[in-house]
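[1] Predicted model, plus sequence, below.
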Amino acid sequence: MTDETINMLLAVGLAILKSVVILLVVVAFSAITIFIERRMLALWQDRYGPNRVGWQGVLQLVADMLKMFFKEDWTPPFVDKLIFWLAPAIAMSALLISFAVVPITPEWGVVDLDIGILFFFAMAGLAVYAIMFAGWSSNNKYSLLGGIRAAAQTLSYEVFMGISLMGIVAITGSFSLRDIVEAQKDGWFIFPQIIGFLTFITAGFAVAHRTPFDLPEAEQELVAGYQTEYSGLKWGMFYVGEYIGVVLVSSLLTVLFCGGWYGPFIDVLPWLAFPYFAIKVFFFVSLFILVRASLPRPRYDQVMAAGWKFMLPLSLLNLIVTAAVVLM
Amino acid sequence: MELAFYSCGLVAIIATVAMLFSRNPVHGLLYMIVSLLAVAMVFFAVGAPFAAALEMIVYAGAIMVLFVFVVMMLNLGGEVELLERVWLQPRTWVLPAVLSAVVLVQLVSFLWDSAPSIAGQEVSPKQVGILLFGPYLLAVELASMILLGALVVALHLGRREDLEEGDGQ
């Protein structure tokens, strides 16, 4: 083999290794978020939370996972098997694949696509199918109602989620997330694009189906919504999928609005890139949990009306004003 | 790239045929989603990532969701599968299939002679935007008018009667 071939193989191997590391870290962090959320919710609600297994309950996650793995994975006889099995796989993989376009540090990141943001929208659009298919294939009225709610809600909120980011695209002139981070070297987009930030974070909560937008699984009305018929590992995939959504939206908020890996002294101390990124992501994950601890769940028609009649016009206005400023 | 083009094209064709012959409406829609995703991959392979992303967002991510939504609400069960079996007799589809095959042969033979190479140059989103708001401005404006018309119609159909009475109309 010539030197060129060896170098190429090494580069490919390194890229694959980096992708696998990022994948594992994302899944592991999403799983740990479950434990962090339970402890933080407990803290804010003035109770203990899971603190028995291991030091301060850190091994609770292991116990939960062992339970999940060894539970009977029951497929009810009345379901549509193909689609019933497909739904959890889509739920977990669609948002996980979106991580491919998230730039973590100047060196780390799976791929830098020209259409980065659009790739995320495409994957978020496909993630809807997980819930719809789960709701339909379960052959259960509560599942179906949960699936229909989720589909209507996600579709409505994805419309202005796209528009809320177009202000940033207009300023940077690129869909690539890496270019967007580079453009924030001297100032984060959260300040000029504060309306874009507020609309995107709302849409992010809705797309990740987190409180206050967790109506698809509102337990007072719908048992467990689209997850009602799921158990064992398949239910676990939905559960982890939800937290992957939380981590993904947090990373996107970091990358799009809070300067990604940029922070003080990054020029002299380049190794700070990953700590900065991680701290910002952790901040937004905590915000997700704090919102869940503090906000009640609105009525379904209020959610839809707020999306179409308030958030959509607001994000359109933000786009028009940003375009006018850019053109001036 | 050629390998990706041909394999995704094959997937698209198989998924579309499977969609036509599937008896369960939701399974049919699933095949159609796969077909649209494969077409999006074909766009990627020929160097049109923007078109591919839009194909995924608009067709696979929005329009097909509405299709699945409606089919879910209709609650189609075993009766529909029986009905499909009755409708999908060979005498229904053989003649149209033969006629379409003739057209397909002509299309392929035409493309065969003037076969352009698959590895086209990559078209960036910016170039697409410049073209849309340059030479194709009229088409964009006409499309926006059609969409506005559709929006007005949807608003009219979605209006509730009791609210109109309340307005004294």
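    Looks like it arrived, so ask away. Numbers count the residues shown, from 1 in each chain, chains lettered A, B, ... in the order given.
[2] give me the residue from the stretch 101-250 of chain A nearest chain B.
    Residue nearest to chain B within the stretch 101-250 of chain A (C-beta to the nearest C-beta): residue A:125, separated by 2.2 Å. C-beta coordinates here come from the backbone N, C-alpha and C atoms, glycine included.
[3] Residues in contact with stretch A:188-195: which ones?
    Residues outside stretch A:188-195 that contact it (C-beta atoms under 8 Å, 6 or more residues apart in numbering or on different chains): A:164, A:167-168, A:171, A:180, A:183, A:196-197, A:256-259, A:262, A:314-315, A:317-318, A:322.
[4] Quick check: helices, which of those residues are part of them?
    Among these, the ones falling in helices (DSSP state H) are A:164, A:167-168, A:171, A:180, A:196-197, A:256-257, A:314-315, A:317-318, A:322.
[5] quick one: contacts for residue A:289?
    Residue A:289 is in contact with A:36-37, A:40-41, counting by C-beta under 8 Å, 6+ apart.
[6] I'd like to know which of the contacts of stretch A:188-195 are buried.
    A:164, A:167-168, A:171, A:180, A:183, A:196-197, A:256-259, A:262, A:314-315, A:318, A:322 (16 or more other C-beta atoms under 10 Å in any protein chain shown).
[7] Switch the contacts of residue A:289 over to a markdown table; also include distance to residue A:17.
    Below are those laid out as a markdown table (distance: C-beta to C-beta, whole Å):
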| residue | distance to residue A:17 |
| --- | --- |
| A:36 | 27 |
| A:37 | 30 |
| A:40 | 33 |
| A:41 | 36 |
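[8] Tell me the buried residues within these.
    Using 16+ other C-beta under 10 Å as the burial test, the contacts of residue A:289 include A:36-37, A:40 as buried.
[9] Could you measure from residue B:61 over to chain A?
    Separation of residue B:61 from chain A (C-beta to the nearest C-beta, to the nearest Å) stands at 2 Å.
[10] Does residue A:6 lie in a helix or a strand, and which?
    helix A:3-44 (DSSP states H and E).
[11] next one: that helix to chain centre, how far?
    Centroid separation for helix A:3-44 versus its chain: 15 Å, with C-alpha atoms, centre = their mean, to the nearest Å.
[12] Please name every helix or strand in contact with that helix.
    Under the contact criterion of 3 or more C-beta pairs under 8 Å, 6 or more residues apart in numbering or on different chains; DSSP states H and E, helix A:3-44 touches helix A:60-70, helix A:81-98, helix A:232-257, helix A:273-294.
[13] and chain B, which of its residues are near chain A?
    Within reach of chain A by C-beta under 8 Å from any C-beta of the partner chain, chain B has these residues: B:24, B:26-27, B:30, B:33, B:40, B:49-50, B:52-54, B:56-57, B:60-62, B:65-66, B:68-69, B:72-73, B:75, B:122, B:124-126.
[14] Of those residues, select the buried ones using a PyMOL command.
    For the buried members of the residues of chain B next to chain A, the matching PyMOL selection, counting by 16+ other C-beta under 10 Å, is:
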select buried, chain B and resi 24+26+27+30+33+40+49+50+52+53+54+56+57+60+61+65+68+69+72+124+125
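[15] what mean pLDDT does the longest helix seen in chain B have?
    Using DSSP H to define each element, chain B has its longest helix at helix B:90-113. Helix B:90-113 shows a mean pLDDT of 86.
[16] Buried residues of that helix, list them for me.
    So helix B:90-113, judged by 16+ other C-beta under 10 Å, has zero buried residues.
[17] Quick check: next helix or strand after it?
    Later in the chain than helix B:90-113, the nearest helix or strand by DSSP H and E is helix B:125-132.
[18] starting at the chain centroid, how far to that next one?
    Centre-to-centre, helix B:125-132 and its host chain are 22 Å apart (C-alpha atoms, centre = their mean).
[19] CA atoms only: put that helix into PDB for me.
    The C-alpha atoms that make up helix B:125-132 are tabulated as PDB, following Å, rounded to 0.1, in the frame of the first residue of the first chain:
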ATOM      1  CA  PRO B 125     -28.900  26.100  -1.500                       C
ATOM      2  CA  LYS B 126     -27.600  29.600  -2.300                       C
ATOM      3  CA  GLN B 127     -27.500  28.900  -6.000                       C
ATOM      4  CA  VAL B 128     -31.100  27.500  -5.800                       C
ATOM      5  CA  GLY B 129     -32.300  30.700  -4.100                       C
ATOM      6  CA  ILE B 130     -30.600  32.900  -6.700                       C
ATOM      7  CA  LEU B 131     -32.200  31.000  -9.500                       C
ATOM      8  CA  LEU B 132     -35.600  31.000  -7.900                       C
END
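[20] what pLDDT, on average, does it get?
    84.
[21] which residues touch that helix?
    Defining contact as C-beta under 8 Å, 6+ apart, one finds that helix B:125-132 is touched by A:114-115, A:118, A:173, A:175, B:49-51, B:140.
[22] so where does residue A:113 fall, helix or strand?
    Applying DSSP H and E as the criterion places residue A:113 outside every helix and strand.
[23] helix/strand/coil for the closest residue to residue A:138 other than its chain neighbours?
    Spatially, and ignoring its direct neighbours in sequence, residue A:138 is nearest to residue A:229 (4.0 Å; C-beta to C-beta, 6 or more residues apart in numbering or on different chains). Classification of residue A:229 by DSSP: H, G, I helix; E, B strand; the rest coil places it in coil.
[24] Around residue 153, how many other residues sit close by?
    As the question left the chain open, I've gone with chain A. Neighbourhood size, residue A:153 [other C-beta atoms under 10 Å in any protein chain shown]: 23.
[25] wrong one, I was asking about chain B
    Residue B:153 has 10 neighbours, counted by other C-beta under 10 Å.
[26] what about it, distance to residue B:159?
    Per C-beta to C-beta, to the nearest Å, residue B:153 is found 11 Å from residue B:159.
[27] and what of residue A:238?
    37 Å.
[28] Among the two, which residue is more densely surrounded?
    Shown here are residue A:238 and residue B:159; by other C-beta under 10 Å, residue A:238 has more neighbours (21 against 9).
[29] who's in contact with the more buried one?
    Contacts of residue A:238 (C-beta under 8 Å, 6+ apart): A:88, A:91-92, A:130, A:134, A:227, A:230.
[30] How about residue B:42?
    Residue B:42 neighbours (C-beta under 8 Å, 6+ apart): B:5, B:8-9, B:12.
[31] show me where chain B has helices.
    In chain B, the helices defined using DSSP H lie at B:2-21, B:25-45, B:49-54, B:64-74, B:78-87, B:90-113, B:125-132, B:137-158, B:161-167.
[32] tell me the phi and psi of residue A:299?
    Main-chain dihedrals, residue A:299, degrees, to the nearest 10: phi -70, psi 160.
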